[in-house]
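Participant: After the sequence you'll find the predicted model.
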Amino acid sequence: MLDPKFVRANPEEVAQLLSKKGFEFPLQAFQALEERRRDVQIRTENLQNERNTRSKSIGQAKASGQDIAPLLAEVSQLGEDLEAAKNELLQVQDQMDALLLGIPNLPDASVPEGQSEDENIEVRRWGALPEFDFEARDHVALGEQATQLDFEAAGKLTGSRFAVMRGNLARLHRALAQFMLDTHTQSHGYLEVNVPFMVNADSLKGTGQLPKFEEDLFRVPFGERDYYLIPTAEVPLTNLVRDQILDASELPLRMVAHTPCFRSEAGSSGRDTRGMIRQHQFEKVELVQLVRPEDSMQALEELTAHAERILQLLELPYRTVCLCGGDMGFGAAKTYDLEVWLPGQNKYREISSCSNMTDFQARRMLARWRNPETGKPELLHSLNGSGLAVGRTLVAVLENYQQADGRVAIPQVLQPYMGGQTFL
RNA sequence: GGAGGGAUGGCUGAGUGGUCGAAAGCACCGGUCUUGAAAACCGACGAGUCGAGAGGCUCCCAGGGUUCGAAUCCCUGUCCCUCCGCCA
């Protein structure tokens, strides 16, 4: 959520910044609503003030033994007026909340202009592309040997966009997750956290998936209310600090979690139907940081580097792109995507997305820290990034480490996790 | 599933219808003292919101209700704790 004060004071600037993200800020509607809110609020508070004052004097009259009947008669109309004003205020505030909750975060000044992913800016490339003296196979072909990667079985068990992995392939998948967790906890200073894979609506509202993107989620009816399968560990990790005031000494707070992620992929039917690039369920190692506001842009560079380090250690070629305004997510102020080279598709594909959400999520969550300089609680900045998507990393390993005979070599850093094996 | 007890400021914890946004202690901050520190003492000290300011309004788990007036009474829900049962 944006700072209502800032929006109120700078509506034109907000509209202008949001247009960079391809979002049209409803300026007229906002200003009309804001004006009405102010009127109704002032009227309501005046009535409340009067009620409080009179009730107090009734209390005093009663204490001193006076007859309070005439005083009671005076306030009889007040209650009704106050109730009407309160109801109107609630209505206006609901409308204002609904409006503000649907507005995306403002893009940082350094974010490139652009409508779509075609206008993202490549900031660096790492690693040499593999050269094969044979036709590169994709991960589906490589994985189907000995039915280690089985989409048919998953279709029977569940449906499309699920996968079954067996044997060494399942082990390699697990090895990747372990390797990522170990690297982030041991080399990058993250605290490993094990979190629920289902969350409530408040958590999703806090990180920004609700109310706007409900159709992307799997909802689980439970008693009187609903739970949701997490679309990313960003949700439970970031919400750990919801309604909290952290001490300055706890910052920066760096957390990492390995979880399954569940996405309905509502808007993407027909895309990436082959293979395990786009699944309803996939595993991800997620990095989250909570930092002082002035540190967040530097933290984004560091967090991105932490994710990149995994690709480097796995010796997978990749590039880092800075998303343009039009391609950025709802809550992000700035985003770097990591794209790994997939020989089977002959292109770079997203394997990580690292974002600085600034105070956008913190405001929704009321996640704060006590600033020693002011002594006051102030909003934190939150960041998150995949470090990395495990399934897609497995795909990248298969395709980049394939041999002429169809076998797949195991990256050196994973061999200790694979009982010393060098090939799958 | 059954029985009971809880939820109050950063933390602990008093408060059962009126002057309570809320005692006390701890923590934090400022000061005195000290070569420095500790201790002691003094002071300040919840959050949000509206307002130029004075000041107003809201918030004692959440949502309803009773009342002129609710932290306090009633209803519903959530979470936590204890005991019993069941269970991975």
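Facilitator: Yep, that arrived.
Participant: Quick one: distance of stretch A:229-238 to the chain centre.
Facilitator: Stretch A:229-238 sits 7 Å away from the centroid of its parent chain (Cα atoms, centre = their mean, to the nearest Å).
Participant: With only the CA atoms kept, save it in CSV.
Facilitator: Written as CSV, here are the backbone C-alpha positions of stretch A:229-238 (Å, rounded to 0.1, in the frame of the first residue of the first chain):
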residue,chain,number,x,y,z
LEU,A,229,-1.6,-22.8,-0.3
ILE,A,230,1.4,-20.5,-0.4
PRO,A,231,2.4,-19.3,-3.9
THR,A,232,5.9,-18.6,-2.5
ALA,A,233,7.6,-18.7,0.9
GLU,A,234,7.8,-14.9,0.6
VAL,A,235,4.4,-14.9,2.1
PRO,A,236,5.0,-16.7,5.4
LEU,A,237,8.6,-15.4,5.8
THR,A,238,7.7,-11.8,5.3
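Participant: is it anywhere near RNA strand B?
Facilitator: No: contact check for stretch A:229-238 against RNA strand B, using Cβ under 7 Å from any atom of the strand: none in range, with a minimum separation of 14.6 Å. Every residue, glycine included, has its C-beta placed from N, CA and C.
Participant: Could you pull up the mean pLDDT of that stretch?
Facilitator: Confidence over stretch A:229-238, taken as the mean pLDDT, stands at 95.
Participant: which other residues reach that stretch?
Facilitator: Applying Cβ atoms under 8 Å, 6 or more residues apart in numbering, the external contacts of stretch A:229-238 come out as A:193, A:195-199, A:203-204, A:206-207, A:209, A:216-218, A:220, A:255, A:257-263, A:284, A:286, A:288, A:290, A:361, A:365, A:367, A:382, A:384, A:386.
Participant: Likewise for stretch A:56-74?
Facilitator: With Cβ under 8 Å, 6+ apart as the test, stretch A:56-74 has contacts from A:54, A:75.
Participant: Among the contacts of stretch A:229-238, which ones are in strands?
Facilitator: Secondary structure defined by DSSP state E assigns A:198-199, A:220, A:255, A:257-262, A:284, A:286, A:288, A:290, A:382, A:384, A:386 of these to strands.
Participant: which of these count as buried?
Facilitator: Neighbour-count burial within the ones in strands among the contacts of stretch A:229-238 applies to A:198-199, A:255, A:257-259, A:261-262, A:284, A:286, A:288, A:290, A:382, A:384, A:386; the criterion is 16 or more other Cβ atoms under 10 Å.
Participant: Widest-spaced pair of those?
Facilitator: Using Cβ to Cβ, those span at most 24.3 Å, a distance reached by A:Phe262 and A:Leu290.
Participant: Near RNA strand B, which residues of chain A? Just list them.
Facilitator: A:4-5, A:8, A:38, A:41-42, A:44-46, A:48-49, A:51-56, A:58-60, A:62-63, A:72, A:75-76, A:78-79, A:223-224, A:245, A:370, A:372, A:375-377.
Participant: how deep is the residue lying closest to A:Leu313 once chain neighbours are set aside tucked in, by neighbour count?
Facilitator: Nearest residue to A:Leu313 in three dimensions, chain neighbours excluded: A:Val413, at 5.0 Å (Cβ to Cβ, 6 or more residues apart in numbering). A count of nearby residues for A:Val413, using other Cβ atoms under 10 Å, gives 17.
Participant: next one: the one 10 residues further on
Facilitator: The burial count assigned to A:Phe423 is 12, neighbours taken as other Cβ under 10 Å.
Participant: count of residues packed around the closest residue to it other than its chain neighbours?
Facilitator: Computed as Cβ to Cβ, 6+ apart, the closest residue to A:Phe423 that is not its neighbour in sequence is A:Arg407, at 5.2 Å. Here the count is done by other Cβ under 10 Å, and A:Arg407 has 13 residues near it.
Participant: Count the neighbours of the residue of the stretch 1-150 of chain A found nearest RNA strand B for me.
Facilitator: The minimum distance from the stretch 1-150 of chain A to RNA strand B, using Cβ to the nearest atom of the strand, falls at A:Gly59 (2.9 Å). Residue neighbour count, defined by other Cβ under 10 Å, stands at 11 for A:Gly59.
Participant: Would you indicate which residues of the helix or strand containing it are buried?
Facilitator: Element membership for A:Gly59, per DSSP states H and E: helix A:27-63. Along helix A:27-63, the positions that meet the burial threshold by neighbour count (16+ other Cβ under 10 Å) are A:30, A:33-34, A:36-37, A:40, A:43-44, A:47, A:58.
Participant: neighbours of A:Arg319, just the number please.
Facilitator: By the measure other Cβ under 10 Å, the count of residues near A:Arg319 is 16.
Participant: Apart from its chain neighbours, what residue comes closest to it?
Facilitator: Spatial nearest neighbour of A:Arg319, excluding adjacent residues (Cβ to Cβ, 6+ apart): A:Arg125 at 4.4 Å.
Participant: isn't the one you found right next to A:Tyr318, touching?
Facilitator: Yes: under the contact definition of Cβ atoms under 8 Å, A:Arg125 touches A:Tyr318, with a separation of 7.5 Å.
Participant: For those two, work out which one has more neighbours and name it.
Facilitator: Taking A:Arg125 and A:Tyr318 together and counting by other Cβ under 10 Å, A:Tyr318 has the greater number of neighbours (26 against 15).
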